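Colleague: Give me the fold of what follows.
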Amino acid sequence: MSYRNMSKELRSRQGQLPLVDRFNRPQPASRNPSGNKVRLYYFTERDSADGRAFTPRLARATTALRERKIPVEVVVVSFDDTFEEWAQHMKEMPRWWLAVPWSDKATRQSLFLKYEVEALPTLVVVGGDGDVIQQDACTSVVSDPLAREFPWHSQRLSRSLSDSEDMQPPSCCLACFEIPRLASRVKAWIMRPFSKRKSKLDGADSTRLLCTSY
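Modeller: So this is what the prediction gives:
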């Protein structure tokens with residue numbers, strides 16, 4: 001199925017996204033988030049070392065949100081090779097998280113393309129109005145483990161920063177993470193405000209990223 005056809009099919013089922021719990025039991029047809037409810041699409045797979053390291057962090061952050069009675073829904077979009085791997089993977093996640101069924105490959109692929117996922121894991125934050133608040137909130141979860149700044153409006157902040165013609169890209173960034181591969185995402189987030197003005201900036205690509213793990 002082509003991307004265009006998959007996207008069309010997904011749009012036609014927007015209000016009826018098929019979901020299951022971690023035991024693969026069908027849940028009531030889930031509608032798009034409404035009001036102040038935020039949905040987190042968690043793209044991952046069990047074979048991903050970064051995903052295995054990140055899942056407990058996301059579980060801690062979302063549990064903190066529930067304890068503060070902040071409306072949030074986690075939808076796991078997992079790309080495990082077999083159903084058995086998917087089932088084992090889901091058992092490692094909180095009971096209240098939902099998932100797109102492993103058998104529904106078309107929906108999983110459509111969501112992957114719709115949100116322009118480039119790597120696993122990726123956490124897409126979608127607001128009650130259906131707009132994407134954060135294209136990839138993995139670094140936000142790492143830097144804000146109890147989700148005090150949820151829903152992490154960094155993408156919107158970056159767009160407002162990009163309007164400032166006086167801002168110049170940093171010459172050097174220092175990032176410290178337990179998950180080293182997130183370093184490249186940190187640099188991408190830092191440079192995002194300048195991407196639209198890239199051709200006007202000298203040395204925009206020369207920003208150096210110093211990354212260390214601890």
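
Colleague: Identify the residues contacting the nearest residue to Pro101 once chain neighbours are set aside.
Modeller: The shortest distance from Pro101 to any non-neighbouring residue, by C-beta to C-beta, 6 or more residues apart in numbering, is to Val20 (5.0 Å). Every residue, glycine included, has its C-beta placed from N, CA and C. Counting by C-beta atoms under 8 Å, 6 or more residues apart in numbering, Val20 touches 26-27, 98-101.

Colleague: Between the residues you listed, identify the one with the most neighbours.
Modeller: Ala99 (24 neighbours; other C-beta atoms under 10 Å).

Colleague: show me the contacts for that one.
Modeller: Shown in contact with Ala99 (C-beta under 8 Å, 6+ apart): 19-22, 75-78, 90.

Colleague: same thing but at 6 Å, please
Modeller: 20, 76 (C-beta atoms under 6 Å, 6 or more residues apart in numbering).

Colleague: that older thread, confidence-wise, which of the contacts of Val20 comes last?
Modeller: Lowest pLDDT within the contacts of Val20 is found at Gln27 (88).

Colleague: Tell me the spacing between that one and Leu98.
Modeller: Using C-beta to C-beta, to the nearest Å, Gln27 is found at 6 Å from Leu98.

Colleague: Likewise for Thr107?
Modeller: Thr107 is 13 Å from Leu98, where distance means C-beta to C-beta.

Colleague: go on, Ala137?
Modeller: Distance, Ala137 to Leu98, using C-beta to C-beta: 18 Å.
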